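> Here is my input; please provide its structure:
(one chain, ligands or ions: 1)
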Amino acid sequence: MSRPIVAIVGRPNVGKSTLFNSLAGERISIVKDYPGVTRDRIYADVTWLNNQFTMIDTGGIEPDSKDEMLSYMRAQAQIAIDTADVIVFLVDVRQGLVDSDFKVADMLRRSTKPVVLVVNKVDSFEKLLPDVYEFYNLGIGEPFPISASGKLGFGEMLDEVVKHFTSGNTEESTDERPRIAIVGKSSIVNKLVGETRVIVSNIAGTTRDAIDTPIRRNGKEYILIDTAGLRRKSKIKEELERFSIIRTVSAVERADVVVLVIDAIEGITEQDAKIAGIAHDRGKGIVIVVNKWDLIEKNNKTVNEYTNDIKEVLAFMSYAEIIFISAETGQRMHKLFEVIEVVIQNQNLRVSTGVLNEIMMEATALQQPPSDKGKRLKLYYITQVSVKPPTFVIFVNDKELMHFSYTRYIENKIREAFGFSGTSLKFFIRERKENDK
Ligand code: GDP
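Numbering: from 1, shown residues only. As a prediction, the model looks like this:
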């Protein structure tokens, strides 16, 4: 089951990022410092009483004027409605109720998503609590007072947030159809779903397409998650790109396989690498698709050159399959679903403990484990503990001695035997005393 998504919505300066940071603590999950990928904190993993969820930061835009404020608020709320399982609507006790709060509350009320109304900057519950009651006027239920900077009131707020999880997530968890997110700059979704896609709503200057579309290929059903979503029609500025990455994060989170579409003309962009980083972080299946291949002048080196360029930028996911297609002419479009099927199988592949230990023993015989200060690393035992992504535990005598490079070496040996193309592999290293063996 995918982790529930919680989005924080609110005007600038109400304390969204302060709350985000306080909740995420040290566990803030950023897109890693891979070469060519800038740090951008968009989502964080939060754990509260055995509940794990992903928090999405919808902030980060400063509207220039009052007019723009409302479009901004609407766009932000729409993203939250589209992507989140629970919405935290954050308001500011010091500023009190303002007109745009009412407008956003209206929007949130009309959606079916659970909303938790949180009143920030209640630095002293004793003094400020009477002012909190005013927020009942928004008509979205009980206001929960907090101080984001003072970390007050978090318990009650989070209890309320996690209460909504079970109801919001059951539908997806019972649906067995693989979920495929098509992400990247150029979208091939229209070609894949044809005319079946419908426009579901038309809200204040933005047109939204259906987000999830069931499709059938080679006798199998899939759910296509579209991230094209919000089309800019109004004066809302280009900064909406930040919103689009939020949409992407949420799509990746909900997907089993991520199809990253790269525009052959443009080549791989930083945004592409960022999305790939998120899919990798989340252990999702991945297929890299180079689209518009019909527009490229080719000789016998072109495919290799393109492949090398992509592999260089996405050095952290050398396991990814790359295919070259043209959505326009249909070239190799059938191949896409063949590859997706292989990736789904690899994500769910289980290797027996016996075979894994044989591979590991052979590997350690071939290349001696490293040693430090006279102590040599010993690998006792390996076992696969889960799938999606395939996850392994290796028991060793001393964790400190198990360098990243040696884990990578073992990973490569497993890949030599089983391929596992299109999926990351996760390793946990555990210590075990020699005589416990
Ligand atoms: P955002 O624009 O909604 O992300 O707001 P920020 O998190 O950047 O916060 C805006 C301002 O409010 C900053 O100066 C924060 O230090 C301040 N702030 C945030 N939370 C609290 C709080 O609980 N109490 C007080 N007094 N100030 C806060």
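> give the contact list for the residue nearest to residue 325 when sequence neighbours are not counted.
With Cβ to Cβ, 6 or more residues apart in numbering as the criterion, residue 325 has its nearest non-adjacent residue at 4.6 Å, and that residue is residue 332. Where you see a C-beta, it was placed from the backbone N, CA and C, and this is true even at glycine. Neighbour list for residue 332: 293, 323-326 [criterion: Cβ atoms under 8 Å, 6 or more residues apart in numbering].
> hmm, 7 Å instead?
323-325 (Cβ atoms under 7 Å, 6 or more residues apart in numbering).
> swap in residue 360?
379, 382, 410.
> of the residues you listed, closest to the ligand?
residue 410 (42.9 Å; Cβ to the nearest ligand atom).
> burial measure for the closest one, as a count.
Residue 410: 23 surrounding residues under other Cβ atoms under 10 Å.
> Can you give me the pLDDT of it?
For residue 410, the pLDDT comes out at 97.
> Run through the contacts of residue 360 and flag the ones next to the ligand.
Among these, not one lies near the ligand by Cβ under 6 Å from any ligand atom.
> Please tabulate those residues in a markdown table, including the columns secondary structure.
Formatted as a markdown table, the contacts of residue 360 follow (DSSP: H, G, I helix; E, B strand; the rest coil):
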| residue | secondary structure |
| --- | --- |
| 379 | strand |
| 382 | strand |
| 410 | helix |
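> In JSON lines, list those along with distance to residue 53.
Output for the contacts of residue 360, formatted as JSON lines (distance: Cβ to Cβ, whole Å):
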{"residue": "379", "distance to residue 53": "35"}
{"residue": "382", "distance to residue 53": "31"}
{"residue": "410", "distance to residue 53": "32"}
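> returning to that earlier point: just the contacts of residue 332: which are in strands?
Counting by DSSP state E, the part of the contacts of residue 332 found in strands is 323-324.
> ok, the contacts of residue 332 vs residue 74, which is closest?
residue 325 (36.0 Å; Cβ to Cβ).
> I'd say the closest one and residue 292 touch.
No - contact criterion Cβ atoms under 7 Å: residue 325 and residue 292 do not qualify, at 8.5 Å.
> Who has more neighbours out of the two?
residue 325 (23 against 20).
> State the phi and psi torsions of the more buried one.
phi -130, psi 170 (degrees, to the nearest 10).
> Flag the shaky bits of the stretch 301-437 of the chain, pLDDT-wise.
434-437 (pLDDT under 70).
> Which stretches in the stretch 151-300 of the chain count as strands?
Using DSSP state E, counting those that start in this stretch, the strands of the stretch 151-300 of the chain run over residues 179-184, 199-203, 206-209, 212-217, 220-226, 231-232, 257-263, 285-291.
> Quick check, residue 309 in contact with residue 269.
No - using Cβ under 7 Å, residue 309 makes no contact with residue 269, being 11.6 Å away.
> ok, now which ones touch residue 428?
residue 393.
> what comes up buried for the helix or strand containing it?
Here residue 428 sits within strand 426-431, counting by DSSP states H and E. Of all the residues in strand 426-431, those buried under the rule 16 or more other Cβ atoms under 10 Å are 427, 429.
> How about stretch 127-140?
128, 131-132, 135, 138, 140.
> got it, and stretch 145-162?
145-148, 152-154, 157-158, 160-162.
> Show me the helices in the stretch 301-437 of the chain, by range?
Along the stretch 301-437 of the chain, the stretches classed as helices by DSSP state H, counting those that start in this stretch are 302-313, 333-347, 353-366, 404-418.
> Go through those helices and pick out the most buried.
helix 333-347 (a mean of 18; mean count of other Cβ atoms under 10 Å).
> Contacts for that helix next, please.
Contacts of helix 333-347 (Cβ under 7 Å, 6+ apart): 178, 180, 217-218, 256-257, 285, 287, 289, 321, 323, 325, 327, 387-389, 419-423.
> Run the angle between it and strand 285-291 for me.
160 degrees (axes from the mean of the first three to the mean of the last three Cα atoms, to 10 degrees).
> Return the distance of helix 333-347 from the chain's centre.
Centroid displacement of helix 333-347 relative to its chain, using Cα atoms, centre = their mean, to the nearest Å, is 20 Å.
> quick one: that helix to helix 404-418, angle?
Going by the same axes, to 10 degrees, helix 333-347 makes 120 degrees with helix 404-418.
> and the gap between residue 119 and the ligand?
Remark: distance between residue 119 and the ligand (Cβ to the nearest ligand atom, to the nearest Å) = 10 Å.
> Counting neighbours, what do you get for that residue?
26.
> How about the contacts made by it?
Residue 119 makes contacts with 91, 93, 132, 135, 143-145, as judged by Cβ under 7 Å, 6+ apart.
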